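S.K.: sequence and predicted model, in that order:
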Amino acid sequence: MKQRFSLAYAVPWLLLAFLSVRAAAQNQGKPTADAEEASFRVLNSFGVTTNTNSGIIGGLVFRQAKALTSRERPRFRYLSAELVNVKHPKERAYAASSGNRLILGKQRYLFALRGQWGREMTLFERSDDGGVQFNGILAAGPTLGLLKPYYVQVVNLRGPRQVHEVPYSPELEQSSSVAIVGGGSLFRGFNRIELVPGLNAKIAASIELDAFRHNTIGLEIGFLVEGYTKDIILIPETTNRNVFTSGFLTLYFGQKK
């Protein structure tokens with residue numbers, strides 16, 4: 001698990017380093033654009049995120065920073081919406097006899113649909129010649145947990161050996177009439193989603209680079225805590241909870257207006 005998370009962090013950092021060198025080369029000899037920079041009031045951006053409760057690609061993010069009244073340090077109204085897959089820490093996937101990926105014991109997926117509102121403040125501004133800007137972020141908001149059944153492939157042990165997909169339950173592992181042979185389709189079971197409300201809050205740092213003048217690439221790195229109104233049962237045969245904490249990293253691309 002640690003090795004996979006390290007890889008998730010390495011790829012965005014290498015991409016950011018490459019774009020930094022490219023942006024510096026493009027800006028050499030060009031006049032500064034202070035007046036043009038001052039006209040930007042809104043930054044809309046989209047990104048992909050990974051976290052300690054997900055795989056390499058954890059979900060998708062939309063974020064917006066809107067400038068507030070000028071002060072000694074620039075401040076922004078921060079809005080964000082994201083859809084993220086949340087995994088149980090004891091999930092282990094392996095190749096089953098059918099060749100499909102199977103997470104034995106998993107009963108549900110949890111997709112967290114989060115809204116966040118807060119403040120973003122510039123801590124270190126970029127120089128007139130461009131470069132990197134560091135912002136601090138505090139945000140919180142509602143979460144809607146989407147619990148979807150996890151489907152598995154089973155084969156009949158009595159009668160014709162037909163393979164079909166059913167929602168996982170612990171009883172299937174003890175059954176003498178069917179055997180689990182693989183994981184089912186991710187797209188099954190959306191008509192059986194259960195909704196669980198909750199709240200989330202995060203603290204983060206944003207590292208922003210003006211890579212293409214009007215367009216921006218950046219990283220948001222931070223810590224998030226999220227709580228639901230009841231325990232989220234993902235793997236029935238182990239400990240489950242209603243509060244999740246995670247470290248996260250988001251790579252985003254934005255446009256200034």
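M.R.: Ah, there it is. Numbering: from 1, shown residues only.
S.K.: quick one: contacts for L186?
M.R.: Shown in contact with L186 (CB atoms under 8 Å, 6 or more residues apart in numbering): Y109. Backbone N, C-alpha and C define where each C-beta goes, glycine included.
S.K.: check whether it sits in a helix, strand or coil.
M.R.: Under DSSP: H, G, I helix; E, B strand; the rest coil, the three-state class of L186 is coil.
S.K.: need the contact list for the closest residue to Q255 other than its chain neighbours.
M.R.: Excluding the flanking residues, the one nearest Q255 by CB to CB, 6 or more residues apart in numbering is N215, at 5.5 Å. Going by CB under 8 Å, 6+ apart, N215 touches 253-256.
S.K.: restricted to strands, list those.
M.R.: When DSSP state E is applied, these are split such that 253-256 fall in strands.
S.K.: which parts of the stretch 51-200 of the chain are strands?
M.R.: 59-67, 75-86, 93-95, 101-103, 108-124, 132-149, 151-156, 163-167, 178-183, 194-212 (DSSP state E, counting those that start in this stretch).
S.K.: out of those strands, which gets the lowest mean score?
M.R.: In terms of average pLDDT, strand 93-95 trails the rest of the strands of the stretch 51-200 of the chain, at a mean of 82.
S.K.: that older thread, now the ones in strands among the contacts of N215: which count as buried?
M.R.: For those, a burial check counting by 16 or more other CB atoms under 10 Å picks out 254, 256.
S.K.: out of the ones in strands among the contacts of N215, the closest to Y168 would be?
M.R.: F253 (37.3 Å; CB to CB).
S.K.: is it correct that that closest one is in contact with L43?
M.R.: No. Using CB atoms under 8 Å as the test, F253 is too far from L43 to be in contact (10.7 Å).
S.K.: list residues touching both of the two?
M.R.: Counting by CB under 8 Å, 6+ apart, the residues touching both F253 and L43 are T216.
S.K.: state the mean pLDDT of the host helix or strand of F223.
M.R.: Taking DSSP states H and E as the definition, F223 sits inside strand 215-232. For strand 215-232, the mean per-residue pLDDT is 94.
S.K.: list the buried ones in that strand?
M.R.: 216-220, 222, 224, 226, 228, 232.
S.K.: burial count for the nearest residue to E165 once chain neighbours are set aside?
M.R.: Among residues not flanking E165 along the chain, G184 sits closest, at 4.0 Å (CB to CB, 6+ apart). Using other CB atoms under 10 Å, G184 has 21 other residues around it.
S.K.: now do G184 against N135, distance only.
M.R.: From G184 over to N135 the distance is 43 Å, taken as CB to CB, to the nearest Å.
S.K.: try G145
M.R.: In this view, G145 and N135 are 29 Å apart by CB to CB.
S.K.: and for H214?
M.R.: Between H214 and N135 the distance is 18 Å, computed by CB to CB.
S.K.: if you count what's nearby, which of the two comes out ahead?
M.R.: Applying other CB under 10 Å to H214 and N135 shows that N135 carries more neighbours, namely 24 against 12.
S.K.: which residues sit in contact with the more buried one?
M.R.: 65, 76, 120-123, 205-206, 208.
S.K.: now those residues in a markdown table, with neighbour count and distance to F244?
M.R.: What follows is the contacts of N135, written out as a markdown table (neighbours: other CB atoms under 10 Å; distance: CB to CB, whole Å):
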| residue | neighbour count | distance to F244 |
| --- | --- | --- |
| A65 | 26 | 26 |
| F76 | 21 | 27 |
| E120 | 28 | 24 |
| M121 | 16 | 27 |
| T122 | 17 | 30 |
| L123 | 13 | 28 |
| A205 | 13 | 21 |
| S206 | 25 | 22 |
| E208 | 23 | 27 |
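S.K.: ok, those residues vs T238, which is closest?
M.R.: Distances from T238 to those, taken by CB to CB, are shortest for A205, at 33.6 Å.
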